[in-house]
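> following is a predicted model, sequence given first.
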Amino acid sequence: PIFTPKSFGYKVTSSFLSLSLPYILLSINFEVLFYCMLGIIQVFWLLIEIKNKEKKGSHKEVSKQTDIRLSLFYVMFCCISFFGTGNVASISSFEISSTYRFVTVFNPFLMGALLLFKIFIPFIFVCVLFIIIIHLYRHHQVVCYLIVIIIYDLMTINFFFLVRDEGSWKDIGISISHFIVSNVYILIQLALFTVSNIFLYNSLSTINIDKHQKRT
């Protein structure tokens with residue numbers, strides 16, 4: 001994606017295809033279909049936001065509402081990216097057998113690293129689309145990033161009060177897993193934004209869908 005033409009259309013396509021190769025090699029069962037459907041949904045989201053940009057103005061109040069709406073959509077797609085191929089009740093539900101194509105001898109650290117890399121691939125693609133949409137609206141990336149962090153902070157506080165220390169081991173484990181996942185989301189956001197900006201290197205300044213500016 002770094003060496004593709006500056007057009008954001010090429011960047012979206014190259015990002016999707018470049019990330020699909022390792023994801024396919026690390027996938028089993030229906031997971032490839034999930035990644036394809038996630039990519040289609042992301043493209044539809046991008047097209048919808050392009051239409052909204054053409055209809056709406058650049059008022060300050062509208063800009064604030066748009067930042068919040070885009071951040072909420074991004075958080076939702078991040079949750080879908082993580083739990084789309086795993087069981088919401090447990091982090092350990094992700095199949096370690098997907099790493100057998102690269103590791104023939106049991107190596108928990110290498111297998112865990114490959115599994116984490118596979119889990120983060122949909123996150124990277126979602127973040128790339130999110131940054132592109134932010135720049136389509138000519139909004140500040142830092143503002144949207146801070147809104148995303150605030151949303152995750154609220155989610156973490158909510159799951160913290162839902163952590164249980166009584167009942168069945170399953171209920172206790174589920175409550176702790178949800179709290180841990182919310183904390184991890186906060187920690188990885190900066191890394192996701194950094195990697196996504198590298199993917200979009202030298203192309204963000206060319207994003208422009210304003211018809212009037214194109215005519216001039």
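Perfect, I can see it now.
> average model confidence for the helix or strand where Asp171 lies?
Taking DSSP states H and E as the criterion, Asp171 maps to helix 169-199. For helix 169-199, the mean per-residue pLDDT is 84.
> buried ones in it?
174-179, 181-183, 185, 188-189, 192-193, 195-196, 199 (16 or more other C-beta atoms under 10 Å). Where C-beta positions appear, they are placed from N, C-alpha and C, glycine not excepted.
> helices of the chain, start to end?
Ranges of helices within the chain are 8-25, 31-55, 60-83, 108-136, 141-161, 169-199, 211-215, based on DSSP state H.
> would you mark the buried spots in stretch 155-166?
Met155, Thr156, Phe159.
> can you lay out the residues you listed as TSV showing pLDDT and distance to Ser71?
Listed next are the buried residues of stretch 155-166 as TSV, based on pLDDT from 0 to 100; distance: C-beta to C-beta, whole Å:
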residue	pLDDT	distance to Ser71
Met155	89	12
Thr156	89	16
Phe159	87	19
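> for Gln141, state which of those is nearest.
Closest approach between the buried residues of stretch 155-166 and Gln141, by C-beta to C-beta: Met155, at 21.2 Å.
> for that closest one, what are its contacts?
Neighbour list for Met155: Val75, Ser182, Tyr185 [criterion: C-beta atoms under 8 Å, 6 or more residues apart in numbering].
> next, the angle from the helix holding Asp171 to helix 8-25.
140 degrees (axes from the mean of the first three to the mean of the last three C-alpha atoms, to 10 degrees).
> by mean pLDDT, show me the worst of the helices of the chain.
helix 211-215 (a mean of 42).
> neighbours of Met76, just the number please.
Residues near Met76, counting by other C-beta atoms under 10 Å, number 12.
> how close does it get to Pro22?
24 Å (C-beta to C-beta, to the nearest Å).
> TSV for the contacts of Met155, including distance to Ile124?
As requested, the contacts of Met155 are arranged in TSV below (distance: C-beta to C-beta, whole Å):
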residue	distance to Ile124
Val75	16
Ser182	19
Tyr185	14
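> of all the helices of the chain, which lies closest to Tyr100?
helix 108-136 (8.7 Å).
> for that closest one, packing partners?
helix 8-25, helix 31-55, helix 60-83, helix 141-161, helix 169-199 (3 or more C-beta pairs under 8 Å, 6 or more residues apart in numbering; DSSP states H and E).
> select, out of the ones you listed, the one closest to Gly112.
Across the helices and strands packed on helix 108-136, Gly112 has its closest neighbour in helix 169-199 (13.9 Å, C-beta to C-beta).
> distance between that closest one and the chain's centre?
11 Å (C-alpha atoms, centre = their mean, to the nearest Å).
> got it, and stretch 132-141?
On C-alpha atoms, centre = their mean, the centre of stretch 132-141 falls 16 Å from the chain's centre.
> what residues sit buried inside that stretch?
Ile132, Ile133, Ile134, His135, Leu136, Tyr137, His139.
> show the contacting residues for the nearest residue to the second one once chain neighbours are set aside.
So that's Ile133. Of all residues not flanking Ile133 in the chain, Glu49 sits nearest, at 4.9 Å (C-beta to C-beta, 6 or more residues apart in numbering). The contact partners of Glu49, by C-beta under 8 Å, 6+ apart, come to Leu70, Ile133, Leu136, Tyr137.
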